[in-house]
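**Q** Provided below for reference: sequence and predicted model.
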Amino acid sequence: MGLDLLTLDMDAVRAELVGGKTTATALAEQHYARIAAEDGPEGPQNPAAKGINSFLALSRERALAQAERVDAAVAKGDPLGPLAGVPIGIKDVLTMTGSPATAGSAILKGYMPPYDATSVAKLEAAGAVLLGKLNCDEFAMGSSNENSAYGPVKNPRALDRVPGGSSGGSAAAVAAGFAVATLGTDTGGSIRQPAAFCGVVGVLPTYGRISRFGLIAFASSLDRVGPFTRTVKDAATMLEVLAGPDGRDATASDRPVDGYVAALEKPVAGLKVGVPAEYFGEGLDEEIRAAIERVLDGLRAAGCVVKPVSLPHTKYAVPTYYVIATAEASSNLSRFDGVRFGLRAQEANTLSAMYRKTRDEGFGAEVKRRILLGTYALSAGYYDAYYRKAQQVRTLLTRDFLAAFEEVDVIVSPVTPTPAFKLGEKTDDPVKMYLEDIYSVAASLAGICGASIPCGETTKGLPIGVQVMGKHFDEATMLRVGAAIEALKL
Amino acid sequence: MSESAVTLEDVRRVAELANLELTPDEEPRMQRDLNAVLGYIAELNELDTTGVPAMAQVGEVLGLQAQEHGESLRIDQIRPSLDRSLVMAAAPETDGRFFKVPKVIER
């Protein structure tokens, strides 16, 4: 063996494969063995089990067939894709043929999708070995992964705590050594927040940078696909593979894709780093505040110019988000009606009773809450007061960023107000749970890119993440600063 | 924005619009939660947004749509579509050609 699956990165995978020290097949098997030993519930047969519950389905057959192709290519000396042999997991809101796509919901239990998401197909075409599907909050709605119909995910760094959400399984799998990288999605913070809670790198690309074909939609003006990795370089590698236009998704931009990996080589000296006071107010954990200060000191020492910027509408980001996201969700989720796929309630003898019973049985409480809220905000007499108002404030929030980015190259802030909280701690109070997203939703609404980079831990050993936000389509500069932060080894 | 709180009647009306059937114990809980969240959302009223354009898509603010003139749309050509049998296999009830549903019109 000799490989430490907890720290393995893509460069190491490459070196091991090319050096003939391991095979893609052996690597996949090692990851499956670790998942089998640790991911499931504890029991007499499974003494090492931690009940992390990150994987919902394993795609062994597909993974091993791909690993065999990679091994054959290595043996023949054929050129290898940038992700050759890299074991990668997929959040269960993305479709992948041969495995069920549940979106963490009972309404899609056992649903076998007829096509691959473009992001999934692109990873495999680049050589990735796709291990399986990862747990998440139902339809990606949640900040703790406690809204999954298939049980919560535990944080591998502290098993009594949440991994964050909604891509909790994706973050946990990387942190637990179950996959070298994973795909997640982020609508209001669902990549960055779990990355921060689990101590891994998570990247929210610019809106439109990565195709969403095959993503089960939550809020279409916000949803994005992005990577979880252990290093910034791995995230850059994945982003380069994933980015670009797609004839199947008109919102995927045809802007040229930058060389993200090459950009990491450029020094950060002279870059201007903005620090928004609005992100350091009341409610921010003191240890997180201190950690971000250390990041800023490090960036100064690396030659960056750190200066204050103002994002004056920040406090309105969460309420704006919860109008727009729920309104779009209420529309998107109307497709789950028991007709074409998924669950159908049995005792219903008219079409409309079938719709209502199916949706009542199939959706969990948070999904119902958001559908009701969104339907309310869009209903006659309330549309202007809620939905239109929120869209206007969204313009103001976006203008805040455009103005700040006239002054600076990137903006640095906390990802979350607190480190990972305890399982069950916030499930009874939706507003408290929604405030989890206070530092992440503004970037979502504005469409800019953002990354969560690990930057140390609390005295209790809980991971802390720092958020680097970049201009629209300037992932290259954002990742460059991310790599500089990583190099501080905080 | 309305100052009046959401009533149980409102919850039932919205549930009907959304094709959701709430159980009797779900209704008061949803009423409580909707009121809590809407109360928080009411903070948006502090902002004067007169004359501010509504933003539905990120591209609008960046002026991307104006630049693109549809060049990014795919070529309009006939391509194979999904295999019908694969799609129908996922349906709860089908005769292989159509989705079957309970009767729509009474009598």
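**A** Thanks, I have the structure now. Residues are numbered from 1 along each chain as shown, chains lettered A, B, ... in the order given.
**Q** only C-alpha atoms for contact and neighbour calcs from this point on.
**A** Will do.
**Q** okay, stretch B:15-22 in PDB with CA atoms only?
**A** Written as PDB, here are the backbone C-alpha positions of stretch B:15-22 (Å, rounded to 0.1, in the frame of the first residue of the first chain):
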ATOM      1  CA  ALA B  15     -50.500  24.500  -0.800                       C
ATOM      2  CA  GLU B  16     -53.300  24.000  -3.300                       C
ATOM      3  CA  LEU B  17     -51.500  26.200  -5.800                       C
ATOM      4  CA  ALA B  18     -48.400  24.200  -5.400                       C
ATOM      5  CA  ASN B  19     -50.200  20.800  -5.600                       C
ATOM      6  CA  LEU B  20     -49.100  19.900  -2.100                       C
ATOM      7  CA  GLU B  21     -51.400  18.200   0.300                       C
ATOM      8  CA  LEU B  22     -50.300  19.000   3.800                       C
END
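**Q** centre of the chain to that stretch, how far?
**A** 13 Å (C-alpha atoms, centre = their mean, to the nearest Å).
**Q** how close does the spatially most central residue of chain A sit to residue A:129?
**A** Residue closest to the mean C-alpha point of chain A, counted by C-alpha atoms, centre = their mean, is residue A:191 at 2.5 Å. Per C-alpha to C-alpha, to the nearest Å, residue A:191 is found 21 Å from residue A:129.
**Q** ok, residue A:160 next?
**A** Per C-alpha to C-alpha, residue A:160 is found 31 Å from residue A:129.
**Q** if you count what's nearby, which of those two comes out ahead?
**A** Here residue A:160 and residue A:129 are compared on neighbour count by other C-alpha atoms under 10 Å in any protein chain shown; more neighbours surround residue A:129, at 32 against 14.
**Q** for that one, what are phi and psi?
**A** phi -100, psi 110 (degrees, to the nearest 10).
**Q** is it bridged to anything, and to what?
**A** Note on residue A:129: beta-bridge partners by DSSP bridges are residue A:87.
**Q** got a list of contacts for stretch A:54-66?
**A** Contact partners of stretch A:54-66, identified using C-alpha atoms under 8 Å, 6 or more residues apart in numbering or on different chains, comprise A:25, A:28, A:39, A:92, A:98-100, A:124, A:127-135, A:150, A:153-154, A:168-170, A:172-173.
**Q** out of the residues you listed, which are buried?
**A** Neighbour-count burial (16 or more other C-alpha atoms under 10 Å in any protein chain shown) is assigned, among the contacts of stretch A:54-66, to A:25, A:28, A:39, A:92, A:98-100, A:124, A:127-135, A:150, A:153-154, A:168-170, A:172-173.
**Q** just those residues: which are in strands?
**A** A:129, A:130, A:131, A:132, A:133, A:134 (DSSP state E).
**Q** avg pLDDT for the longest helix belonging to chain A?
**A** In chain A, assigned by DSSP state H, the helix with the most residues is helix A:389-407. For helix A:389-407, mean pLDDT is 97.
**Q** tell me the angle the next helix or strand after that helix makes with helix A:389-407.
**A** The C-terminal neighbour of helix A:389-407 among helices and strands, as given by DSSP states H and E, is strand A:410-414. Orientation check (axes from the mean of the first three to the mean of the last three C-alpha atoms, to 10 degrees): strand A:410-414 against helix A:389-407 gives 120 degrees.
**Q** strand A:410-414 packs against which elements?
**A** With contacts defined as 3 or more C-alpha pairs under 8 Å, 6 or more residues apart in numbering or on different chains; DSSP states H and E, strand A:410-414 has these neighbours: strand A:272-276, helix A:286-301, strand A:463-470.
**Q** contacts for the helix or strand just after the longest one, please.
**A** Same thing as helix A:286-301. Sequence order places strand A:305-309 as the next helix or strand after helix A:286-301, per DSSP H and E. If you take C-alpha under 8 Å, 6+ apart as the criterion, strand A:305-309 is touched by A:269-277, A:296, A:299-300, A:404, A:407.
**Q** need the longest helix for chain B.
**A** Chain B, longest helix under DSSP H: helix B:26-41.
**Q** so is that helix next to chain A?
**A** Yes: between helix B:26-41 and chain A, judged by C-alpha under 8 Å from any C-alpha of the partner chain, the touching residues are B:30, B:33, B:34, B:36, B:37, B:40, B:41.
**Q** in chain B, what residue spans correspond to helices?
**A** With DSSP H as the criterion, chain B has helices spanning B:8-17, B:26-41, B:58-62, B:64-68, B:84-89.
**Q** ah, wrong one, I meant the stretch 201-350 of chain A
**A** With helices called from DSSP state H, counting those that start in this stretch, the stretch 201-350 of chain A shows them at A:232-242, A:260-263, A:286-301, A:317-332.
**Q** so for the shortest one, what's the average pLDDT?
**A** Confidence over helix A:260-263 (mean pLDDT, whole number) is 98.
**Q** which non-adjacent residue is nearest residue A:34?
**A** residue A:178 (6.4 Å; C-alpha to C-alpha, 6 or more residues apart in numbering or on different chains).
**Q** doesn't residue A:452 lie inside a strand?
**A** Yes: under DSSP: H, G, I helix; E, B strand; the rest coil, residue A:452 sits within a strand.
**Q** in stretch A:428-437, what's buried?
**A** Neighbour-count burial for stretch A:428-437 flags A:430, A:431, A:433, A:434, A:435, A:436, A:437 (criterion: 16+ other C-alpha under 10 Å).
**Q** residue contacts, the residue nearest the centre of chain B?
**A** Per C-alpha atoms, centre = their mean, the C-alpha nearest to the average position across chain B is that of residue B:18, at 8.8 Å. Listed by C-alpha under 8 Å, 6+ apart, the contact set of residue B:18 reads A:330, A:334, A:371, A:372, A:375.
**Q** ok, residue B:19 next?
**A** A:352, A:355, A:356, A:359.
**Q** how about residue A:240?
**A** By C-alpha under 8 Å, 6+ apart, the contact set of residue A:240 is A:257, A:258, A:259, A:260, A:261.
**Q** circling back to that earlier point, chain B is nearest to which of the helices and strands packed on strand A:410-414?
**A** Nearest to chain B among the helices and strands packed on strand A:410-414 is strand A:463-470; the distance by C-alpha to the nearest C-alpha comes to 14.5 Å.
**Q** from the contacts of residue B:19, pick the one nearest chain B.
**A** Nearest to chain B among those is residue A:356, at 4.9 Å by C-alpha to the nearest C-alpha.
**Q** weed out the non-buried ones from the contacts of residue B:18.
**A** Buried among the contacts of residue B:18 (16+ other C-alpha under 10 Å): A:330, A:371, A:372, A:375.
**Q** now the residues you listed in JSON lines, with secondary structure?
**A** What follows is the buried ones among the contacts of residue B:18, written out as JSON lines (three-state DSSP):
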{"residue": "A:330", "secondary structure": "helix"}
{"residue": "A:371", "secondary structure": "helix"}
{"residue": "A:372", "secondary structure": "helix"}
{"residue": "A:375", "secondary structure": "helix"}
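**Q** can you put the residues you listed in a markdown table and add pLDDT and distance to chain B?
**A** What follows is the buried ones among the contacts of residue B:18, written out as a markdown table (pLDDT from 0 to 100; distance: C-alpha to the nearest C-alpha, whole Å):
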| residue | pLDDT | distance to chain B |
| --- | --- | --- |
| A:330 | 97 | 7 |
| A:371 | 98 | 7 |
| A:372 | 97 | 6 |
| A:375 | 97 | 6 |
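**Q** hang on, the earlier thing: how about the buried residues of stretch A:428-437, which pair is most distant?
**A** Greatest spacing in those, by C-alpha to C-alpha: A:430 and A:437 (11.7 Å).
**Q** by mean pLDDT, which helix or strand of chain B comes out lowest?
**A** One helix or strand of chain B scores below all others by mean pLDDT, DSSP states H and E: helix B:64-68, with a mean of 50.
**Q** list, one by one, the residues from the stretch 1-150 of chain A near chain B.
**A** A:111, A:112, A:113, A:114.
**Q** what's the pLDDT at the last one?
**A** Turning to residue A:114, the model gives it a pLDDT of 95.
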